[in-house]
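K.L.:
Fold the following.
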Amino acid sequence: MAFLFLRKLTLTLHRCLALAFGLFFVLMGLTGSCNVFYKELDTWLHPALHVSPAAAPPQSLDVILAVVQETYPHEVGSWHVELPHHPTQPITVWHYEPQEKSGEFFAALMVSVHPYTADILWSRFWGDTWLTWIYDLHWTLMLGELGHHLVGILGLVLLLALGSGLFLWWPSWGKMTAAFRIKKDASASRQRYDRHRVTGLYTLLFLGIMGVSGFYLVYPAHLNPVDNLWTRHAPDAASYTSTPLLQSSPLPLTQAVTIAQRQFPQANIRWLSTPADATGVYEIQLQQPGDRNATYPGTFVWIDQYSGAILGLQDSTQFTLGKHFLHLQYPLHNGELLGRPGRLFIFILGFIPLTLYVTGILIWWKRRHRLSPRPPTSR
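P.N.:
The predicted structure is shown next:
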């Protein structure tokens, strides 16, 4: 009796979560599928971003940065240089807080530069193009900071929906085998019910990973205790400052890169951040062999902008178990952990919430129609 009551309560919870949040799960899934191939789609929609490799060596990073800064002299503070992963991709120079978008949650200036000619190929603000708008929809629901928090909460709601669905699926031992398949000789409504259960079961683990990683990407501080498992605390990048020297100007960006590369000669430079002010530092982000997070790798070097002294290091090969787990959340979320096959899998996974929502709504509607009182027949 108690079990039947618990099952009925769980069914009500599962149904309410689906009706209240199902469309949001569908939205997250479909926009997430698009975001998996965001850069490839961006190049396809905007052929000007395709770079033809030249026989001449690439322009120096100092030249490229100078071109961008001369084009946008009113933008002050730190610039962030994203280096391409492929010779046919441009260098993207970011300014996270452009004056034109002051007060917005995130509307970075993105400047794509030809690495061989230093010509600016395209400039735009985040959210002003189709693909960045879709990305923003996935990231913030177009509601700014509030929407960003809601997206994180949706990750937890998804886990609750999956957990309640698993409880409802769980069969008795005698029916365990049948619960893993769709009964083909059953009625259409029974097949629909089986399809909903089996689809949810086989994708439950992967959707759960999306929920956990999505929550972490919004609320990383809430999982800091996991970060510190088995000790070794991460360096505090905000505490590093440069010491101005008399009659001394900042080092060229290429020199800072050379200093960082000496520390990790086998690593590839992925991101460079310039000092925000006179006491700011160079931040060089590198991907070492074995680091599966290609977009945001875990190795950093912080350098005094005047003396070139190394102020701090973070070596991804020395991560604790907890830090390594958290570092993998982004490549788990977009599939890059397993390369192109992993990204393709996440792309397909993004359509599963739509499948579950449609089959679930049909099951609910059929049941609601069956249980609704029928009008009395006239005699």
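K.L.:
Can you report how many residues lie near residue 3?
P.N.:
The tally of other residues near residue 3 (other Cβ atoms under 10 Å) stands at 7. The way it works is simple: take the backbone N, C-alpha and C, and place the C-beta from them, glycine included.
K.L.:
just the one 3 residues further on next, same as before
P.N.:
Summarising burial for residue 6: neighbours were counted as other Cβ under 10 Å, giving 11.
K.L.:
Assign it to helix, strand or coil.
P.N.:
Secondary structure for residue 6, judged by DSSP: H, G, I helix; E, B strand; the rest coil, is helix.
K.L.:
please begin residue numbering at 4 from this point
P.N.:
Fine by me, first position is 4 from now on; the one you just mentioned is residue 9.
K.L.:
I'd say residue 146 and residue 140 touch.
P.N.:
No. With contact defined as Cβ atoms under 8 Å, residue 146 and residue 140 do not form a contacting pair (9.7 Å).
K.L.:
Neighbour count: those two, which is higher?
P.N.:
The neighbour comparison of residue 146 against residue 140 (other Cβ under 10 Å) goes to residue 140, with 20 against 14.
K.L.:
Now name the helix or strand holding the residue nearest the centre of the chain.
P.N.:
Taking Cα atoms, centre = their mean, the centroid of the chain lies closest to residue 333, which sits 5.3 Å from it. With the criterion set as DSSP states H and E, the secondary-structure element containing residue 333 is helix 332-337.
K.L.:
which strands and helices sit next to the next helix or strand along the chain from that helix?
P.N.:
Using DSSP H and E, the helix or strand that follows helix 332-337 in sequence is helix 342-352. Helices and strands in packing contact with helix 342-352 are listed as helix 5-39, helix 191-221, helix 332-337; criterion 3 or more Cβ pairs under 8 Å, 6 or more residues apart in numbering; DSSP states H and E.
K.L.:
can you redo those helices as CSV with mean pLDDT?
P.N.:
Conversion of the helices and strands packed on helix 342-352 to CSV gives the following (pLDDT from 0 to 100):
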stretch, mean pLDDT
helix 5-39, 96
helix 191-221, 95
helix 332-337, 98
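K.L.:
Adding distance to residue 182 as columns, could you present those in CSV?
P.N.:
Converted to CSV, the helices and strands packed on helix 342-352 look like this (distance: least, Cβ to Cβ, whole Å):
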stretch, distance to residue 182
helix 5-39, 15
helix 191-221, 7
helix 332-337, 28
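K.L.:
Can you tell me which of these is nearest to residue 315?
P.N.:
helix 332-337 (21.9 Å; Cβ to Cβ).
K.L.:
For that closest one, give me every contacting residue.
P.N.:
In this structure, residues lying in contact with helix 332-337 by Cβ atoms under 8 Å, 6 or more residues apart in numbering are 35, 38-39, 212-213, 215-217, 219-220, 295-299, 339-340, 345-346, 349.
K.L.:
Tell me how many other residues crowd the residue nearest to residue 101 when sequence neighbours are not counted.
P.N.:
Nearest in space to residue 101, with sequence neighbours left out and distances taken as Cβ to Cβ, 6 or more residues apart in numbering, is residue 112 at 4.1 Å. Burial of residue 112 is recorded as 21 neighbouring residues (other Cβ under 10 Å).
K.L.:
can you give me the strands in the stretch 154-303 of the chain?
P.N.:
Secondary structure of the stretch 154-303 of the chain by DSSP state E, counting those that start in this stretch: the strands cover 271-276, 284-290, 302-307.
K.L.:
could you dump the ones you listed to JSON lines with distance to residue 251?
P.N.:
As requested, those are arranged in JSON lines below (distance: least, Cβ to Cβ, whole Å):
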{"stretch": "strand 271-276", "distance to residue 251": "20"}
{"stretch": "strand 284-290", "distance to residue 251": "15"}
{"stretch": "strand 302-307", "distance to residue 251": "11"}
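K.L.:
can you put those in a markdown table and add mean neighbour count and distance to residue 265?
P.N.:
As requested, those are exported to a markdown table (neighbours: other Cβ atoms under 10 Å; distance: least, Cβ to Cβ, whole Å):
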| stretch | mean neighbour count | distance to residue 265 |
| --- | --- | --- |
| strand 271-276 | 20 | 12 |
| strand 284-290 | 24 | 11 |
| strand 302-307 | 24 | 9 |
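K.L.:
For residue 276, which non-adjacent residue is closest in space?
P.N.:
The shortest distance from residue 276 to any residue other than its chain neighbours is 4.0 Å, reached at residue 286 (Cβ to Cβ, 6+ apart).
K.L.:
hang on, the earlier thing: mind checking the helices and strands packed on helix 342-352 for the one nearest to residue 273?
P.N.:
helix 332-337 (12.7 Å).
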